[in-house]
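J.: the sequence and its predicted three-dimensional model are supplied below.
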Amino acid sequence: MHVDGACLCGAVSYEAVIDPDRVAICRCADCQVNSGAAFGLVASITDGQFQLLSGVLKEYQKTAASGRARQLSFCPECGTRIHARTRQDPSAFFGLRVGTIRLRAELRPNKQVWCSSALPWIADLDEIPSHQTQDT
Ligand SMILES: [Zn+2]
Ligand SMILES: [Zn+2]
């Protein structure tokens with residue numbers, strides 16, 4: 001599936017090919033900190049098919065639980081996470097951050113990983129009072 005997207009400030013834009021059947025919620029602690037949210041949401045990029053259309057990416061290298069170096073890419077202007085990959089191993093998971101994809105509403109997650117570190121309230125979202133826009 002061809003997709004396109006951009007960061008929050010618009011400096012970084014891209015197109016990519018992803019597998020819509022491989023969209024995962026990642027509840028690992030690193031995704032919580034790096035996203036500032038309860039979980040990461042990633043789609044698997046097919047055969048490294050990611051192309052930057054504008055802007056540049058800044059990379060931060062972390063050591064994954066596997067011991068391998070994972071490179072987390074983001075917009076240096078606004079900090080939006082764009083993708084994560086293992087450069088040394090092209091066959092390793094190359095994940096595109098779903099929130100940046102223009103048609104993200106069409107991509108329903110079909111797997112949850114690192115549930116061992118999930119925030120304890122995450123299964124109870126329906127019980128939290130909801131508002132159509134910001135509550136004032
Ligand atoms: Zn940006
Ligand atoms: Zn994660």
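T.: Received, thanks. Residues are numbered from 1 along each chain as shown. Ligands and ions are numbered 1, 2, ... in the order given.
J.: for C115, grab phi and psi.
T.: Backbone torsions of C115, given as degrees, to the nearest 10, read phi -70, psi -10.
J.: quick one: contacts for it?
T.: By CB atoms under 8 Å, 6 or more residues apart in numbering, the residues touching C115 are R27. For the C-beta atoms, the positions are set from N, CA and C on the backbone; glycine is no exception.
J.: let's see the pLDDT reported for it.
T.: Note on C115: pLDDT of 95.
J.: ok, G48 - contacts?
T.: Counting by CB under 8 Å, 6+ apart, G48 has contacts P90, F94.
J.: and the gap between it and P76?
T.: 22 Å (CB to CB, to the nearest Å).
J.: again, but for Q112
T.: Applying CB to CB to Q112 and P76 gives a distance of 30 Å.
J.: more crowded one of the two?
T.: With neighbours defined as other CB atoms under 10 Å, Q112 and P76 compare such that P76 has more, 16 against 13.
J.: packing partners of the one helix or strand A84 maps to?
T.: If you go by DSSP states H and E, A84 is part of strand 81-85. Here strand 81-85 touches strand 40-54, strand 69-74, strand 95-97, going by 3 or more CB pairs under 8 Å, 6 or more residues apart in numbering; DSSP states H and E.
J.: 6 Å - rerun?
T.: The contact analysis (3 or more CB pairs under 6 Å, 6 or more residues apart in numbering; DSSP states H and E) places strand 81-85 against strand 69-74, strand 95-97.
J.: would you mark the buried spots in it?
T.: Using 16 or more other CB atoms under 10 Å as the test for burial, strand 81-85 gives R81, I82, H83, A84, R85.
J.: so is it next to ligand 2?
T.: No - Strand 81-85 lies apart from ligand 2 when judged by CB under 5 Å from the ion; the minimum separation is 8.3 Å.
J.: average pLDDT for that strand?
T.: pLDDT averaged over strand 81-85 gives 96.
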